[in-house]
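Student: predicted model follows, preceded by the sequence.
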Amino acid sequence: MKKIYFLILIAVLSLSCNKEGLLDSTDLDELTDEKVFTDVENTRRALINLYGNMRQASNNNSGSFSQLFDMNVTVAMLDNATDDGAGNTTRNAGISPGIQKYITGAISGTSNPVVLTHPWRFFTEASATLIYFLPILTNAL
Amino acid sequence: MTEEEKRSSANQARFLRAYYYHELFRWFGPLVITTEPIDPFIFDSTKRENLKTTVDFIVNEFDALSQDGALPDRWEGSEYGRATKTAAMGYKARTLLYAASPLYQESGVTWAQAAQAALDLITYADSRSLHSLYVAPGEPNKNYSRYFNERANAENILVYLRDPTNDLYNLFPAFNPWNVNKELTTVPTQWLVDCYDMADGSEPIVGYNADNSPIINPASGYNEQDPYKNRDPRFYQTILYHGATWPNVNKGRATVDIRTPNNWGSGYFLVKYLDDRIDHRDGGTTSMNFIMMRYAEILLDYAEAINEAENNANARLMAVEQLNRIRERAGITNPLNAADFTQATLRERIRKERRIELCFEEHRFFDIRRWMIAKTVMNKPAIGITIRGGQFVRSRLDNRNYSDRMNLLPLPVDEVNNAPLIYQNPGY
């Protein structure tokens, strides 16, 4: 937990800004209790950026068809790790190792079950970002 | 910013916090619950709660956000995609459905609670015409597939927005029988194909022998050597198979022929999500989003919960009504009859309907765990189809090994080691 919450501030402060619309994002570090609702655009974009963490993705705007984005180099859906689907065993590079873990039972506490951020860390950091952001919003009401 | 906008912003942030907890809950079970920033240097007292406290927190949060005035019914224009009241109601319903399921029984949540939450959403949405099953204008035979091609429609409850002109097909994990050496990393199995009923609603396969060969229902008309004839319309809108064609592949129509020397995977290809109006091999882009929650899921949530909550004819009538709404939208003309089911047989029918309707929407990964059937279904190898000597032959794709500990994922071991009150999930 120590590591997670220490990293949260980094995660919060590293959110970046680019385009218009609901896919926009912004820097949360620009927000303070005083300016959160006076700097409307920043608040709006900061909130929108938080929607981006609903799924793990390479970046908030592209999104992914796999909740965990990347089980190994290529995108593979969680359904591959069920009886509905299979990683392509005849694929040149072989079955995605990330999927293979779920299929063969090679899941352990010492290894990440996915290639990118461990889902515990990903969603914990996402929720903790809100824990940081929410009091700023509610205090300003 | 108006007071209403301020309140809405805060409530959207609160929704997202609850959503992240919901995700953590279904991956890991009991959670560390906090609404205040944690001092990163005080971790000895950081505690992982029990399942009941975890579920109560998440449900109470979504419940608060479901109250009138907390979140709007709709967002329009560029605001589309933000959290709504029905999204809060939907995630409350899904959380309760999971919590009532065998895997999470320690939560103390009942099936009746889960049923009521889903019914509350259905009633609210129906009374205000907020959500409905999507129907494709002028294309009734594509009601199901076209839903996944439309960026905004009334079936969506919550979507993950993507750019309006996104390059989905470069990221798409499943489809491309004409590009098999590249990104073909998600393929449907024969197990899923077997699940699709015949067009008249009869079941083609009613079980399996010890060697995994199918037990065919002769009354269904199913023929293992002509297996793709007269199936549930959703089959054709989800899976591409030997002999099937697809428009718009490099400016032309292409046919799948798994006899040709290629890497065909399971012999099946996922076409759910693909828009057949777009040539995805010729630089086509799409405006579609990823669906996080849709109205059909809530109907299935309700059907499952009410059937589990009450073992009587009226409950089965209400459950079957939801299934028939979904099946009728898909183009199945023979409705199910509630009187034909017991609670146990209807449970299997509901699970099958959920598997088909929501396939490759990342539900089954969690469903087989919460139902605690993963140990059974995931200890069988994946099966595909090949052609040998002119005959369709089922073929083994891999070997699988699943144990009950995998119903919940392990926490990172350093998290457990650093905080004494954060315990690991069993078996890790």
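Tutor: Arrived safely, thanks for sending.

Student: what's the local residue count around B:Tyr160?
Tutor: 19 (other Cβ atoms under 10 Å in any protein chain shown). No exception for glycine: its C-beta is placed from N, CA and C like everyone else's.

Student: could you list the low-pLDDT ranges of chain A?
Tutor: Confidence mapping of chain A against pLDDT under 70 gives the ranges A:1-39, A:56-76, A:87-99, A:112-116, A:140-141.

Student: what about the longest helix in it?
Tutor: Counting residues, the longest helix found in chain A (DSSP state H) is helix A:119-140.

Student: CA atoms of that one as PDB?
Tutor: As requested, C-alpha coordinates have been extracted for helix A:119-140 and formatted as PDB (Å, rounded to 0.1, in the frame of the first residue of the first chain):
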ATOM      1  CA  PRO A 119      -5.100  -5.000 -12.000                       C
ATOM      2  CA  TRP A 120      -5.000  -4.500  -8.200                       C
ATOM      3  CA  ARG A 121      -2.600  -1.600  -8.600                       C
ATOM      4  CA  PHE A 122      -4.400  -0.200 -11.700                       C
ATOM      5  CA  PHE A 123      -7.800   0.100 -10.100                       C
ATOM      6  CA  THR A 124      -6.500   0.900  -6.600                       C
ATOM      7  CA  GLU A 125      -4.500   3.800  -8.100                       C
ATOM      8  CA  ALA A 126      -7.500   4.900 -10.100                       C
ATOM      9  CA  SER A 127      -9.800   4.900  -7.000                       C
ATOM     10  CA  ALA A 128      -7.200   6.600  -4.900                       C
ATOM     11  CA  THR A 129      -6.900   9.300  -7.500                       C
ATOM     12  CA  LEU A 130     -10.600   9.900  -7.000                       C
ATOM     13  CA  ILE A 131     -10.100   9.900  -3.200                       C
ATOM     14  CA  TYR A 132      -7.700  12.800  -3.800                       C
ATOM     15  CA  PHE A 133      -9.900  14.600  -6.300                       C
ATOM     16  CA  LEU A 134     -13.300  14.200  -4.600                       C
ATOM     17  CA  PRO A 135     -12.500  16.200  -1.500                       C
ATOM     18  CA  ILE A 136     -11.300  19.100  -3.700                       C
ATOM     19  CA  LEU A 137     -14.600  19.100  -5.500                       C
ATOM     20  CA  THR A 138     -16.800  18.700  -2.400                       C
ATOM     21  CA  ASN A 139     -14.900  21.300  -0.400                       C
ATOM     22  CA  ALA A 140     -15.500  23.800  -3.200                       C
END
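
Student: is chain B within reach of it?
Tutor: Yes. Helix A:119-140 lies within reach of chain B by Cβ under 8 Å from any Cβ of the partner chain, at A:119-121, A:123-124, A:126-128, A:130-135, A:137-138, A:140.

Student: so what does that helix touch, helix or strand wise?
Tutor: If you count contacts as 3 or more Cβ pairs under 8 Å, 6 or more residues apart in numbering or on different chains; DSSP states H and E, helix A:119-140 packs onto helix A:2-13, helix A:40-51, helix B:3-28.

Student: so what's B:Leu300 closest to, chain neighbours aside?
Tutor: Of all residues beyond its chain neighbours, the one nearest B:Leu300 is B:Arg354 (4.7 Å), with distances taken as Cβ to Cβ, 6 or more residues apart in numbering or on different chains.

Student: give the contact list for that neighbour.
Tutor: With Cβ atoms under 8 Å, 6 or more residues apart in numbering or on different chains as the criterion, the residues that contact B:Arg354 are B:300, B:304, B:363, B:367.

Student: restricted to helices, list the residues you listed.
Tutor: Restricting those to those inside helices, with DSSP H as the criterion, leaves B:300, B:304, B:367.

Student: quick one: buried residues of the longest helix of chain A?
Tutor: Neighbour counts using 16 or more other Cβ atoms under 10 Å in any protein chain shown place A:119-138, A:140 of helix A:119-140 among the buried residues.

Student: ditto for stretch B:402-415
Tutor: Of the residues in stretch B:402-415, those with enough neighbours to count as buried (16+ other Cβ under 10 Å) are B:402, B:405-412, B:415.

Student: what of stretch B:217-236?
Tutor: Neighbour-count burial for stretch B:217-236, counted by 16+ other Cβ under 10 Å, picks out B:217, B:220, B:222, B:227-228, B:230-236.

Student: possible to save these as a markdown table with pLDDT and distance to B:Glu106?
Tutor: Shown next, in a markdown table, are these (pLDDT from 0 to 100; distance: Cβ to Cβ, whole Å):
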| residue | pLDDT | distance to B:Glu106 |
| --- | --- | --- |
| B:Asn217 | 97 | 39 |
| B:Ser220 | 96 | 41 |
| B:Tyr222 | 98 | 42 |
| B:Pro227 | 98 | 43 |
| B:Tyr228 | 98 | 44 |
| B:Asn230 | 96 | 45 |
| B:Arg231 | 97 | 40 |
| B:Asp232 | 96 | 37 |
| B:Pro233 | 96 | 41 |
| B:Arg234 | 97 | 36 |
| B:Phe235 | 97 | 38 |
| B:Tyr236 | 95 | 42 |
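
Student: ok, back up a step: could you identify the least confident member of the contacts of B:Arg354?
Tutor: Looking at those, model confidence by pLDDT dips furthest at B:His363: 95.

Student: quick one: B:Tyr124 from chain A, how far?
Tutor: Counting by Cβ to the nearest Cβ, to the nearest Å, the separation of B:Tyr124 from chain A is 23 Å.

Student: next up, the contacts around B:Ala154.
Tutor: With contacts defined as Cβ under 8 Å, 6+ apart, B:Ala154 is in contact with B:129-132, B:134, B:295.
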